[in-house]
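J.: Here is my input; please provide its structure:
(chains A and B)
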Amino acid sequence: QKEVEQNSGPLSVPEGAIASLNCTYSDRGSQSFFWYRQYSGKSPELIMSIYSNGDKEDGRFTAQLNKASQYVSLLIRDSQPSDSATYLCAVNIRENNLFFGTGTRLTVIP
Amino acid sequence: DAGVIQSPRHEVTEMGQEVTLRCKPISGHNSLFWYRQTMMRGLELLIYFNNNVPIDDSGMPEDRFSAKMPNASFSTLKIQPSEPRDSAVYFCASSLGQDGYTFGSGTRLTVV
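T.: Below is the predicted model of the structure:
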């Protein structure tokens, strides 16, 4: 089992809809969770961090964490074409190591 | 702050040649990471440094790869000799403590 797993997609949603991105991880001791956005040909950019169970909202983005289920998700409300990118889930495993999922490619259709 | 600075942005080299990638982390960050990204394997951690000391190099694929961090503001990743399967985008990232990482723009390496 990989440390961090995501559906590779592609995930297509119409403009204005909610995009839901999911991630599972293997280490029950993980404490820090991050979502990165990566545009084609660019570097990953941190958009959300979450450390405790529940929801964390930042603008149109909501991160959700369920440690019992070892599950992290990212919701994007009112999706815009500019949200089209690959979204990477990252989990802190073993001290300060961040392990990344392979990413979910999101396309928002105008 | 200029962010994490990597050079070169692109590198094309012939098989067997030595390649050196460079990174300047964000000032004040105490951890530095080298990642490799390919379509097949995604982002893979190669090595990371904490306070200039290598902590975990278990991701370095083989002895052809080496990394150094002689001071808090500079790190290198060297591949000698390079092979076509080393072609990838290499990212350097830095962080302070348990915060999320900030990535550099990456070096796209092509070995022909």
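
J.: and the residue nearest to the spatial centre of chain B, what pLDDT?
T.: Here the mean C-alpha position of chain B is nearest to the C-alpha of B:W34 (C-alpha atoms, centre = their mean), at a distance of 3.4 Å. You'll see B:W34 listed with a pLDDT of 97.

J.: repeat for A:R94
T.: Checking the pLDDT column for A:R94, the value is 70.

J.: do you know how far it is from A:E3?
T.: From A:R94 across to A:E3, the span is 9 Å (C-beta to C-beta, to the nearest Å). For every residue, glycine as well, the C-beta is placed using N, CA and C.

J.: Give me the buried positions along stretch B:21-28.
T.: For stretch B:21-28, burial by neighbour count (16 or more other C-beta atoms under 10 Å in any protein chain shown) applies to B:L21, B:R22, B:C23, B:K24, B:P25, B:I26.

J.: quick one: which helix or strand includes the third one?
T.: Applying DSSP states H and E as the criterion places B:C23 in strand B:19-24.

J.: What helices and strands are in contact with the very next helix or strand once past that strand?
T.: Next helix or strand after strand B:19-24 toward the C-terminus (DSSP H and E): strand B:31-38. Applying 3 or more C-beta pairs under 8 Å, 6 or more residues apart in numbering or on different chains; DSSP states H and E, one finds that strand B:31-38 contacts strand B:42-50, strand B:74-79, strand B:88-95.

J.: Determine which of those approaches chain A most closely.
T.: Closest approach to chain A among these is made by strand B:42-50 (3.8 Å; C-beta to the nearest C-beta).

J.: List the contacts of the closest residue to B:P84 other than its chain neighbours.
T.: Nearest in space to B:P84, with sequence neighbours left out and distances taken as C-beta to C-beta, 6 or more residues apart in numbering or on different chains, is B:V111 at 4.9 Å. B:V111 makes contacts with B:T13, B:E14, B:M15, B:Q17, B:V19, B:S82, B:E83, B:P84, B:R85, B:D86, B:S87, as judged by C-beta atoms under 8 Å, 6 or more residues apart in numbering or on different chains.

J.: how about a cut-off of 7 Å?
T.: Taking C-beta atoms under 7 Å, 6 or more residues apart in numbering or on different chains, we find B:V111 in contact with B:T13, B:M15, B:S82, B:E83, B:P84, B:D86, B:S87.

J.: thought the last one was touching B:T110?
T.: Yes. Here B:S87 reaches B:T110: they are 5.1 Å apart, a contact under C-beta atoms under 7 Å.

J.: Could you check which of the two is surrounded by more residues?
T.: Under the neighbour definition other C-beta atoms under 10 Å in any protein chain shown, B:S87 and B:T110 were set side by side, and B:S87 has more, 16 against 13.

J.: Could you check how far that one is from chain A?
T.: 15 Å (C-beta to the nearest C-beta, to the nearest Å).

J.: pLDDT score for that residue?
T.: With respect to pLDDT, B:S87 has a value of 97.
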